[in-house]
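> sharing a sequence plus its predicted fold:
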Amino acid sequence: MQTPTTRAQGARVEFYRKTGKIHPRSVSGRYDSLRWAMVWITQIVFYGTCWLSWDGRQAVLFDIAERKFYLFGLVLWPQDAMLLALLLMISATALFLVTAVAGRLFCGFACPQTVYTAIFRWVEERVEGDHIARMRLDQAPLGLRKIALKGTKHAIWLAIALWTGITFVGYFTPISELLWNLGPGELGPWEGFWVFFYAAFAYLQAGFAREMVCAHMCPYSRFQGVMFDRDTVTVSYDSARGEPRKLRSQAASRSTSAATASLIQNTASPRGDCVDCSLCVQVCPTGIDIRDGLQHQCIDCGLCIDACDEVMIRVARPTGLIRFASERELAAPAASSASTSPILAGLLRPRAMVYVGFLAAFTVTGIWLVAERIPLQVDVLRDRNALLREATDGSIENTYTLKLVNMLEAPRAFRIRVEGPAGARIVGADTIQVASGSVLPVPMTVAADPVAGLSGAQEIRFHVEAADGPPTAITERSAFLLP
Ligand code: SF4
Ligand code: SF4
């Protein structure tokens, strides 16, 4: 297959490179432990939160049919779109800040693509064996053993993917109802579609596409480069310390103990610390060689650090040949180690401070909006069919429709009074009951006395205040027509 490429200023740039299936070698170490800790935390939150209850309903629910977003005690309405927008802006700014300071940490440890790929690979390893066994199985002709192993793996993958789809849709339809409807086959067409769509999505993305998503499909991997500078800390190979590499001996590839002996033997040479064992490449889930420098496929998972540290310990050399480091630190390690930590140095530069400033501003605005939020909305609509009419007692009447939105999950009573020209007053009841979390249109007639010399549209104010529950008051303006 021909590789699409372009040439810019003599450089060959690859848009897409077809690689074979990657079977990374498993490795243990602090970054692997951190990665699994994040898998557990994110999955406990994802699979568990939809089962929490609050005041007799699901605690976190995006109820699209009712156009409400339940977030524990808070119920957000379409009118609260600003809060949701702020939440997105806070998330995006936090992601930019983390990227500018510490590279693709989100990709390596918290991105759903990485997390589900790790889970699916774990299943694959349990069923098919280690990376060598998996490669052999892939190359083996189709037989009963291969069918059994592959079938078992795909069955488990499909079960995980289906449960993921159900859980995801369970944030938009109460999950207990969703599960109840799954059994008797009464799933609504949209719920059914989205459950199977997300199940298929998880199955294909984590089971097959894997690192191709990070390398070729994710836009974040492409634009992250503009957020990097010389102080951004990323997984880096210390070429000044590692080069020139020692040649890997024949013995190194035969057995672990033989490899260790060979590596130790090689340390007698005055050359660089890298023993060219290629373990950092073998454990990489995206199949790259970090020794070639920063690459957009690198998700900063740190597994190559774990692998290399293990090798450095074996050959009695300091760990950290591959480590989280900035370009500036790698260029002048002595100067950097004498100053502040790389993360702190990354935070204290103008670019990061700008992100911190935006993050603080968005967060404070969000907190202020929630604190000042009034759980009532009032719209006043004038009746445009009947501009005005004269009552039998000589007063002038205008009619309106008040749309009262009670955003609390409790029924409430609201008292309404008007303030306007010539003794404006409400004709009829001035206290209205509104059911919990509902919108109530209320037809309302307002009367005023004619005043000599006063005619045409006059300003009128509707004061709506809670007659019970937490104090709530809103004033809306409209026009009152006099002849
Ligand atoms: S190069 Fe290292 S940090 Fe980057 S993806 Fe590969 S293993 Fe992870
Ligand atoms: S794991 Fe370390 S020593 Fe081995 S090839 Fe990679 S950088 Fe060199």
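Structure received. Ligands and ions are numbered 1, 2, ... in the order given.
> mean confidence score for the lengthiest helix in the chain?
Assignment by DSSP state H gives helix 144-169 as the longest helix of the chain. The average pLDDT for helix 144-169 rounds to 97.
> tell me which parts of the stretch 251-400 of the chain are close to ligand 1?
Neighbours of ligand 1 within the stretch 251-400 of the chain, by CB under 6 Å from any ligand atom: 283-286, 288, 290, 298-304. To be clear about C-beta, it is placed using only N, CA and C from the backbone, and glycine gets the same treatment.
> for this protein, name the helix or strand with the lowest mean pLDDT.
When the helices and strands of the chain are scored by mean pLDDT, DSSP states H and E, strand 5-8 comes last with a mean of 40.
> okay, now the unreliable bits of the stretch 101-250 of the chain?
Along the stretch 101-250 of the chain, segments meeting pLDDT under 70 span 183-185, 247-250.
> since we're on the closest residue to residue 73 other than its chain neighbours, how many residues are nearby?
In space, and not counting its chain neighbours, residue 73 is closest to residue 54: 6.5 Å by CB to CB, 6 or more residues apart in numbering. Residue 54: 15 surrounding residues under other CB atoms under 10 Å.
> before we move on, the earlier item: mind listing what's buried along the longest helix of the chain?
Applying a neighbour-count criterion of 16 or more other CB atoms under 10 Å, one finds 149-150, 153-154, 157, 160-162, 164-169 buried in helix 144-169.
> and for the helix or strand where residue 212 lies, what's in contact with it?
Secondary structure assignment for residue 212, by DSSP states H and E: helix 211-212. Identification of contacts with helix 211-212 by CB atoms under 8 Å, 6 or more residues apart in numbering yields 22, 117, 285-287, 297.
> now the element after it, going C-ward?
Stepping forward along the backbone from helix 211-212, the first helix or strand reached (DSSP H and E) is helix 219-223.
> residues making contact with that next one?
Contacts for helix 219-223 (CB under 8 Å, 6+ apart): 104, 107, 214-215, 296-297, 299.
> drop anything exposed from those.
Here, 16+ other CB under 10 Å leaves 104, 107, 214-215, 296-297, 299 buried among the contacts of helix 219-223.
> between these, which is nearest ligand 1?
Among the buried ones among the contacts of helix 219-223, residue 299 lies closest to ligand 1 (CB to the nearest ligand atom), at 4.6 Å.
> got a list of what the residue nearest to the closest one when sequence neighbours are not counted touches?
Of all residues not flanking residue 299 in the chain, residue 107 sits nearest, at 4.0 Å (CB to CB, 6+ apart). Counting by CB under 8 Å, 6+ apart, residue 107 touches 113-114, 214, 218, 220-221, 299-301.
> a markdown table please, covering these and showing distance to residue 94.
Below are these laid out as a markdown table (distance: CB to CB, whole Å):
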| residue | distance to residue 94 |
| --- | --- |
| 113 | 19 |
| 114 | 18 |
| 214 | 20 |
| 218 | 18 |
| 220 | 14 |
| 221 | 18 |
| 299 | 18 |
| 300 | 16 |
| 301 | 20 |
